[in-house]
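Asker: here is my input; please provide its structure:
(chains A and B)
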Amino acid sequence: MIPEQTFFPDPALDRAFGVVMALAQEVWVMRDRMAAMEAQLAERGVLQVEKLNAEPAGDERAAEREAFVQHLMQNLLGVQQAKGPR
Amino acid sequence: MTIDGRAFAAGQAFLLSTKTWWTRVLYPEVRAEFEKDTVLYRYFCWLERHLQRFKYSGRYGLQPYLAQDRARLEKSLEGAPAELNPGLKYPEYYTRIDIHQHPGGVWSDPIAGFVYERGARSTTPLAGQRHRDLHERLTAAALERCPAPQRVLDMGCGFGKSTRPFSEALGPGKVEGIDLSAPCLRLAARDAAGAARFRQVDASRTDYPDSSFDLVTSTMLLHEMPPAVVEKTLAESARLLKKGGRMVHLDFLPAEDEFSRLIHFGHGRRNNEPFMEPLAGMDLAALLERLGFRNMEIRPFEEADGALAPGYQYWRFPWTLISAERW
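Answerer: Below you'll find the model as predicted:
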């Protein structure tokens, strides 16, 4: 095992940025796939693209979104979720 | 985990778009603020290193993607008329590092030629579909200096990309490509379908008789060798050429300024090409003279229209034509 080259004063940033870029690539791959799926579904009349693109009348997924945000942001609090050594 | 074709294409396209941004936006910014330890410079280096890693070994990398299709790819090479030398021992400098961050290098895996070929399509982002241009431009430059050669040797021919424009221009039976890599030679021979001959021979010590060729060429070969092997390869070029014959090598030599050298030598380190810097340190003009060449040219090569224009600001390789006549 040969250690990877590093470019930042703290190698933690070298590694963390790798995670960021890997996720960014996944986002693009997913967006590409979703767009292709939408195009195929619209072509067959299964999907109404205008309806999908329109601003929703109500807040359709408020509860799921709140849960998502809560789960994401609680990491910043630095609080143990199961008690253990400090 | 399998990689389907769409995901592979999207994953690689993401990397190429990011590399294009690196080439067109980040590089001019880094040059404008040229100091070694800026945040931008660090990201520039990081991206150069790791976009290449993603390209070859990442989740949507060339190696895992093509390895899924290994059986079919290997079968397609069966009967390819490459003349391989089972007794050839790969030199230590060649196997010590995985060049271009290609896992296993371009020689150890039977499908390495396919991985290399696919990767080479996006080596220089701005070239895009025009990448083939480069080889055609070199062929034109070589044939301008050595019109109508009867026999041509393409050293370090790889999977045959540099050889093809010569065999297309000159017709079958005149061009031979040599390389160390058996997997690349197999692919070259398969695709050439008899238009050129491909042999597994070390360019620094070939088995051809003296004065066998009118033209000896290479493309991106010299910077992949340590200086002692470069010297032997150029001496071999001299030995193989007929009197009045030409050698034309296309390679990389950075401009004299500190920034160009920092970027180019850094590229060599980050792309696992450790002999970039030593090549730039060689006195090639003196060496060629010592080897019995004359009418030497060592000069920047315009790989695409406008690439040598004074205002050109994007990242590019410092392409250099190294040509001389056997005397």
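
Asker: the particular helix or strand that has B:Leu153 in it pairs with which strands, parallel or anti?
Answerer: Assigned by DSSP states H and E, B:Leu153 belongs to strand B:152-155. Its sheet considered, strand B:152-155 pairs with strand B:175-179 (parallel), strand B:213-219 (parallel) by DSSP bridges.

Asker: can you give me the mean pLDDT across the shortest one?
Answerer: Strand B:175-179 carries an average pLDDT of 98.

Asker: for that strand, buried residues please.
Answerer: When burial is assessed from 16 or more other C-beta atoms under 10 Å in any protein chain shown, strand B:175-179 yields the following buried residues: B:175-179. All C-beta atoms are positioned from the backbone trio N, CA, C, and that covers glycine.

Asker: out of these, who's nearest chain A?
Answerer: Of all the buried residues of strand B:175-179, B:Asp179 has the smallest distance to chain A: 26.4 Å, by C-beta to the nearest C-beta.

Asker: neighbours of the closest residue to the closest one other than its chain neighbours, how many?
Answerer: In space, and not counting its chain neighbours, B:Asp179 is closest to B:Cys157: 5.0 Å by C-beta to C-beta, 6 or more residues apart in numbering or on different chains. By other C-beta atoms under 10 Å in any protein chain shown, the residues close to B:Cys157 number 30.

Asker: what about the residue in chain A positioned nearest to chain B, distance to B:Phe8?
Answerer: Going by C-beta to the nearest C-beta, chain B is nearest to A:Asp32 of chain A, at 3.8 Å. Distance check for A:Asp32 against B:Phe8: by C-beta to C-beta, to the nearest Å, it reads 11 Å.

Asker: now the most centrally placed residue in chain A: which helix or strand?
Answerer: Compute the mean C-alpha point of chain A, and by C-alpha atoms, centre = their mean the closest residue is A:Val27, 6.8 Å away. Assigned by DSSP H and E, A:Val27 belongs to helix A:11-43.

Asker: mind checking how far the helix or strand that that helix is followed by is from the chain centre?
Answerer: Once helix A:11-43 ends, the next helix or strand along the chain (criterion: DSSP H and E) is helix A:49-53. In this view, helix A:49-53 has its centroid 22 Å away from the chain centroid, taken as C-alpha atoms, centre = their mean, to the nearest Å.

Asker: could you do stretch A:69-77 as well?
Answerer: Relative to its chain's centre, stretch A:69-77 lies at 14 Å (C-alpha atoms, centre = their mean).

Asker: same check on stretch A:24-35?
Answerer: When C-alpha coordinates are averaged (C-alpha atoms, centre = their mean), stretch A:24-35 and its chain have centres 10 Å apart.

Asker: can I get the buried residues of strand B:175-179 in CSV including distance to B:Gly58?
Answerer: Output for those, formatted as CSV (distance: C-beta to C-beta, whole Å):
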residue, distance to B:Gly58
B:Val175, 36
B:Glu176, 37
B:Gly177, 31
B:Ile178, 33
B:Asp179, 27
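
Asker: verify the contact between B:Leu15 and B:Phe54 for me.
Answerer: Yes: counting by C-beta atoms under 8 Å, B:Phe54 is a contact partner of B:Leu15 at 5.5 Å.

Asker: anything in contact with each of these two?
Answerer: A:Gln25 (C-beta atoms under 8 Å, 6 or more residues apart in numbering or on different chains).

Asker: backbone dihedrals for B:Gly244, please?
Answerer: With angles defined as degrees, to the nearest 10, B:Gly244 sits at phi 90, psi -10.

Asker: now do the one 5 residues further on
Answerer: Main-chain torsions, B:His249, degrees, to the nearest 10: phi -110, psi 130.

Asker: now for it: which residues touch it?
Answerer: Residues in contact with B:His249 (C-beta under 8 Å, 6+ apart) are B:217-219, B:221-222, B:237, B:321-323.

Asker: and chain A, which residues reach chain B?
Answerer: With C-beta under 8 Å from any C-beta of the partner chain as the criterion, chain A meets chain B at residues A:5, A:7-8, A:14, A:17-18, A:21-22, A:24-26, A:28-29, A:32-33, A:36.

Asker: pick the one among these closest to B:Leu253.
Answerer: Of all these, B:Leu253 sits closest to A:Gln5, with 24.0 Å by C-beta to C-beta.

Asker: and the closest one, how many neighbours?
Answerer: By other C-beta under 10 Å, 15 other residues sit near A:Gln5.

Asker: residues contacting it?
Answerer: A:Gln5 makes contact with B:49, B:269-270, according to C-beta under 8 Å, 6+ apart.

Asker: same check, this time on A:Arg33
Answerer: Going by C-beta under 8 Å, 6+ apart, the list of residues near A:Arg33 reads B:6-7, B:10.

Asker: which among those are in contact with chain A?
Answerer: Answer for these near chain A (C-beta under 8 Å from any C-beta): B:6-7, B:10.

Asker: ok, of the residues you listed, which come out buried?
Answerer: Buried among the ones next to chain A among the contacts of A:Arg33 (16+ other C-beta under 10 Å): B:7, B:10.

Asker: tell me the contacts of the closest residue to B:Asp214 other than its chain neighbours?
Answerer: Leaving aside its chain neighbours, B:Asp214 sits nearest to B:Pro149 (3.6 Å; criterion: C-beta to C-beta, 6+ apart). Residues counted as contacts of B:Pro149 (C-beta under 8 Å, 6+ apart) are B:143, B:170, B:174, B:213-215, B:245-246.
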